[in-house]
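Student: Need coordinates for the following:
(2 chains)
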Amino acid sequence: MATLKTPKTRKLLALAAGAAALALTLAGCSGSSEPKAAPKHDLGTPVAGQIKEGALDGVTLTFAGSGGVFQDGQTKALWDPFAKASGATVNQDAFDAGKLKAMVDSGNVSWDIVNTTQFDTARGCGTLYEEYDYSKVDTSKVPKGTITDKCMVPQILYGLVVVYNTDKFGDNPPKSAADFFDTKKFPGKRTVSQSTYVDPQTVEFALTAQGKDVKNLKPEDINGAFDMYKDLGDNVIGWTTGAQAQQQLEAGEAVMGLVWSGRGYGAASAGAHVAPMWDQWMIMVDSNGIPKGVKDKDAAFAAVNYSIGAEQQAKMTELTSYGGVNTDAKPKMDATLTEWMTTEHLDTGISPNVDFWVKNYDALAAAWAGWATGN
Amino acid sequence: MAIDSVTEGDVSTRAIALGADPGAKKRGPKNWRPLLLLIPAFVIVSLFFLAPLADVFVRSVTDPQPGLQNYQWLFSTPGNLNVVMRTFGTAILVTFVCLLLAYPYAYLMTIVSDRTRNMMQLFIMMPLWTSILVRTLAWMVLLQDTGPINSILAAWFDIGPIPLIRTTFGVALGMSQVLLPFMVLPLYSSMAKIDKRLLPAASNLGANPVTAFFTVYLPLSKPGIFSGGVTVFILGLGFYIIPALLGSSKEIMISAMIQQQISVFLMWGQGTALGIFLLACTILILVVVSRFNKSGSLFPGVDR
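Tutor: Below is the predicted model:
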């Protein structure tokens, strides 16, 4: 840099720096401009699963989901038929909460509907997610208790279920959350979520095993739950992705696992000798969230309204093995799928204490961060 | 070779930065003109590298409020430093494993026929063309307690299952396989430049093969060791998917923690503080390591 002395060079460099700064400012400005006023659509009174033909001609919506077979099934069962009926174009993208925050913070939201968890919408309601106008979505057939905050309409109903190896425990299967932690009666390795994604239900399951009622939790219970898993020592192995959980069950490496119902079904339909334990299973609900600052709220509401129709939900269940959110849905199910279908076992499921976890999220996050990093 | 061309590119950039072509001694006042060529690069680097980096740094001291609370959190949470130590430990381990495997391999490449060398090169490059995820899943199948390795051990030697997956061993194995080409290629390119007659000359002067290797060959191959080592080490620091799939929670590295802070907790201040800390540590280590390189250059292999 010794030769950077002539005034001309300095000027040029200053110019370049100025141009860079200008470009950055412009990029920032275009992000923060106000969204244009949303066009009015003639949508009429909402009925789940229906839309006036061509009502959203020329509208483009983007759905951000969790990827894999699940999103493929959603695309086929929900969004493609919606696009065809309404005239809208529906794009697919992959959801990430960090990316959503970036979009909302910069005022440049390119997603219209996202598939996220009920805890995410509850925590971010009003800041990251728009509140629903329930007069524009027909929720009359949505299973009771699955709408857990004002910013969500359920997307699917699934569960965190104990899945056990029937070759090992076929005659004497585990029958309670406590059995999962009883390595004397049920020897062998168990797999549990150790992914970076915080999972309140995994904690609630351990507390249920201690005989606690999830409706009545205290912050000091949280660490006790993680101690339950840590006390399993070498008998506990972790899964960081759903695919890994399924693989560990299929390989017979884990004789028991606390896994997503769809992954247990995946292992069973791949021929693994596994069965679900429907005593004390943990109910999970994914949310249809509408990002804060979305350009066309009414169109997004209409899409969600269409997606929760009985016919759409039945098809979605057939394609993904996850439970639908319309009580009228009658999916065609073979014996295996029926055995694994969460909506057939709602009476023995335990609903999460969403309010408690929203209120105590920081304590949960700190404990979970330690659990997920082996500390 | 990818690494080699980068090195050469750096040399020529340096020549331009000095304001003269490498031969010319004189630095006249008019020689600033070649600097103009740097402006596009300067603009691109500021826009796509410096500006985001500055943003990351600013965020780490302003989010959610101005102050050093994110760094305070980093140093006061005991688990964090564990993960940082583990990350550097794993990267160092993998660098040594790669060096031990790559050194003889690269040496062999310098003495075999052209055809064999091409084959050897193909073997090194082929894994680079296969998805890391696919290779990691293959390791998962091989290493698990019920996998082929443990089955053979049980059937033939009646031992096991030996824990292979969810151990540091499994993670180091998977990472070394991915990073090995980044060690072999610079090593080979620096060994190929070594005059083959030096070793016979050394033994003529009375050195036994071991002495000849340590006093003649090894020092001459040092530039390759440094550039390969630095590349593997830095790439190794950022691994995410292999520790997640082949390790347990006890092998999780800093990249997973950053992802968790950014994408799950939405604590961007803490996530960026972790990133800046990792960057600072990396630069520090590079500076220390470069002291052991004769030229003292941060980018070994450039100055010679």
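Student: neighbours around B:Ile152, how many?
Tutor: 11 (other Cβ atoms under 10 Å in any protein chain shown). C-beta here means a position set from N, CA and C on the backbone, and glycine is covered the same way.
Student: give me the element it is part of.
Tutor: helix B:148-157 (DSSP states H and E).
Student: Likewise for A:Asn91?
Tutor: Going by DSSP H and E, A:Asn91 is in strand A:89-94.
Student: same check, this time on A:Val285
Tutor: Using DSSP H and E, the element containing A:Val285 is strand A:274-289.
Student: Assign B:Leu164 to helix, strand or coil.
Tutor: Assigned by DSSP: H, G, I helix; E, B strand; the rest coil, the conformation of B:Leu164 is coil.
Student: And for A:Val192?
Tutor: Three-state call for A:Val192 (three-state DSSP): strand.
Student: who's in contact with the closest residue in space to it that isn't next to it in sequence?
Tutor: Here the nearest residue to A:Val192 in space, its sequence neighbours aside, is A:Leu258; by Cβ to Cβ, 6 or more residues apart in numbering or on different chains that works out to 5.0 Å. By Cβ atoms under 8 Å, 6 or more residues apart in numbering or on different chains, the contact set of A:Leu258 is A:160-162, A:180, A:190-193, A:202, A:205.
Student: In JSON lines: the residues you listed, plus neighbour count, distance to A:Ala299 and pLDDT.
Tutor: What follows is the contacts of A:Leu258, written out as JSON lines (neighbours: other Cβ atoms under 10 Å in any protein chain shown; distance: Cβ to Cβ, whole Å; pLDDT from 0 to 100):
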{"residue": "A:Leu160", "neighbour count": "25", "distance to A:Ala299": "34", "pLDDT": "97"}
{"residue": "A:Val161", "neighbour count": "28", "distance to A:Ala299": "36", "pLDDT": "98"}
{"residue": "A:Val162", "neighbour count": "26", "distance to A:Ala299": "41", "pLDDT": "98"}
{"residue": "A:Phe180", "neighbour count": "24", "distance to A:Ala299": "45", "pLDDT": "98"}
{"residue": "A:Arg190", "neighbour count": "22", "distance to A:Ala299": "45", "pLDDT": "97"}
{"residue": "A:Thr191", "neighbour count": "23", "distance to A:Ala299": "42", "pLDDT": "97"}
{"residue": "A:Val192", "neighbour count": "24", "distance to A:Ala299": "41", "pLDDT": "97"}
{"residue": "A:Ser193", "neighbour count": "26", "distance to A:Ala299": "35", "pLDDT": "97"}
{"residue": "A:Thr202", "neighbour count": "20", "distance to A:Ala299": "36", "pLDDT": "98"}
{"residue": "A:Phe205", "neighbour count": "27", "distance to A:Ala299": "39", "pLDDT": "98"}
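Student: can you confirm the residue nearest to A:Val192 is in a strand?
Tutor: Yes - the assignment for A:Leu258 by three-state DSSP puts it in a strand.
Student: name the helices or strands packed onto the top helix by length along chain B?
Tutor: For chain B, the longest helix by residue count, based on DSSP state H, is helix B:78-111. If you count contacts as 3 or more Cβ pairs under 8 Å, 6 or more residues apart in numbering or on different chains; DSSP states H and E, helix B:78-111 packs onto helix B:69-76, helix B:114-125, helix B:168-191, helix B:222-237, helix B:254-259, helix B:268-292.
Student: how about a cut-off of 10 Å?
Tutor: helix A:361-372, helix B:69-76, helix B:114-125, helix B:168-191, helix B:222-237, helix B:241-246, helix B:254-259, helix B:268-292 (3 or more Cβ pairs under 10 Å, 6 or more residues apart in numbering or on different chains; DSSP states H and E).
Student: which residues of the stretch 1-150 of chain A fall in strands?
Tutor: Ranges of strands in the stretch 1-150 of chain A, per DSSP state E, counting those that start in this stretch, are A:60-65, A:89-94, A:113-117.
Student: With respect to chain B, which of the ones you listed lies nearest?
Tutor: Nearest of these to chain B, taken as Cβ to the nearest Cβ: strand A:113-117 at 10.5 Å.
Student: can I assume B:Phe213 is in contact with B:Ala207?
Tutor: Yes - using Cβ atoms under 10 Å, B:Phe213 is in contact with B:Ala207, at 8.9 Å.
Student: Between these two, which contacts overlap?
Tutor: With contacts defined as Cβ atoms under 10 Å, 6 or more residues apart in numbering or on different chains, the residues shared by B:Phe213 and B:Ala207 are B:Leu199.
Student: Around residue 167, count how many other residues there are.
Tutor: Chain wasn't specified; assuming chain A. Using other Cβ under 10 Å: A:Asp167 sits among 11 other residues.
Student: other chain: chain B
Tutor: B:Thr167, neighbours per other Cβ under 10 Å, totals 17.
Student: One more: the one 3 residues further on?
Tutor: Residues contacting B:Gly170 under the criterion other Cβ under 10 Å number 24.
Student: Next up, the contacts around the closest residue to it other than its chain neighbours.
Tutor: Among residues not flanking B:Gly170 along the chain, B:Leu246 sits closest, at 4.2 Å (Cβ to Cβ, 6+ apart). B:Leu246 is in contact with B:136-137, B:139-140, B:143-144, B:164-175, counting by Cβ under 10 Å, 6+ apart.
Student: Recalculate using a threshold of 8 Å.
Tutor: Contacts of B:Leu246 by Cβ under 8 Å, 6+ apart are B:136, B:139-140, B:143, B:165-166, B:170-171, B:173-174.
Student: go on, A:Gln313?
Tutor: A:77, A:307, A:324-326, A:329, A:331.
Student: Those residues in helices, which ones?
Tutor: Using DSSP H, the contacts of A:Gln313 in helices are A:Ser307.
Student: which of the contacts of A:Gln313 has the most neighbours?
Tutor: In these, the most neighbours by other Cβ under 10 Å go to A:Gly324, 31 neighbours.
Student: my guess is it contacts A:Gly309, does it?
Tutor: No - using Cβ atoms under 8 Å, A:Gly324 is not in contact with A:Gly309, being 9.7 Å away.
Student: who touches both of these two?
Tutor: Jointly contacting A:Gly324 and A:Gly309 under the rule Cβ under 8 Å, 6+ apart is no residue at all.
Student: nearest residue to A:Gly349 other than its sequence neighbours?
Tutor: A:Ile283 (4.1 Å).
Student: Run a quick neighbour tally on the one you found.
Tutor: A:Ile283: 24 neighbours (other Cβ under 10 Å).
Student: and it, what does it touch?
Tutor: Contacts of A:Ile283 by Cβ under 8 Å, 6+ apart are A:157, A:159, A:342, A:346, A:349-352.
Student: so which of those comes closest to B:Ala106?
Tutor: A:Gly159 (53.3 Å; Cβ to Cβ).
Student: Next, give phi and psi for the closest one.
Tutor: Note on A:Gly159: its backbone torsions stand at phi -160, psi 160 [degrees, to the nearest 10].
Student: Same check on A:His345?
Tutor: phi -130, psi 30.
Student: what do you get for B:Gly160?
Tutor: phi 100, psi -170.
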